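Student: curious how this folds, go ahead:
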Amino acid sequence: MRCMTAALIALFMTGCEGPNEVINPGTVTFPLRVSLHEGQSFRLPQLGLIARFDSVTSDSRCPTEARCVWAGDGATRLSILQDPEQAVTCTLHTTLMPHLIAVDGLTVQLKELDPYPRLGSTIDHATYVAVLEIDRIWIHY
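Tutor: This is a model prediction of the structure:
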């Protein structure tokens, strides 16, 4: 099982290199907002964090020109890697829960999913952008 996990992490890491990766080499100021296209990843080398926007798994948000009983929901699949032994895959939502995930002292929250649906048109998956907010977990006593 450990070999399979290591192989998946190596594959994940290899998939993050290249033009689909955004790297923040500078000083990190929290909260940090980042916009990712489907298949794109964000790397914070200072913290050893990689967040990848894998896909939109569903989009039932009410189109802007329509009148809906419910606002609908956009669901995004993310992969987060901080511990070299384990990648965490999660689904974050625009309306439903969960909106965020906590991983090793950080939160990754889905703030927006663009573009917003329009009546009578479909969204090409290549145009989706997830706006994520990465922040430290603050403990107040």
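Student: ok, Cys90 to Arg118 distance?
Tutor: According to CB to CB, to the nearest Å, Cys90 stands 28 Å off from Arg118. For the C-beta atoms, the positions are set from N, CA and C on the backbone; glycine is no exception.
Student: same question, Gly39
Tutor: The gap separating Gly39 from Arg118 is 23 Å, by CB to CB.
Student: one step back: looking at Cys90 and Arg118, which has the bigger crowd around it?
Tutor: A count of neighbours by other CB atoms under 10 Å puts Cys90 above the other of Cys90 and Arg118, at 16 against 12.
Student: who's in contact with the residue lying closest to that one once chain neighbours are set aside?
Tutor: Distance criterion CB to CB, 6 or more residues apart in numbering; nearest residue to Cys90, sequence neighbours excluded, is Ile101 at 4.7 Å. The neighbours of Ile101, taking CB atoms under 8 Å, 6 or more residues apart in numbering as the test, are 78, 80, 88, 90, 92, 107-108.
Student: just the ones of those residues in strands?
Tutor: Of the contacts of Ile101, the ones assigned to strands by DSSP state E are 78, 80, 88, 90, 92, 107-108.
Student: returning to what we had before: the residue nearest to Cys90 pairs with what?
Tutor: In this structure, Ile101 has the following beta-bridge partners (DSSP bridges): Val108.
Student: those strands in the protein, which residues are they?
Tutor: Ranges of strands in the chain, per DSSP E, are 21-23, 32-37, 41-44, 49-59, 74-81, 87-93, 100-103, 106-114, 129-136.
Student: partner strands of the third one, with direction?
Tutor: I take that to be strand 41-44. Based on DSSP bridges, the pairing partners of strand 41-44 within the sheet are strand 21-23 (parallel), strand 49-59 (antiparallel).
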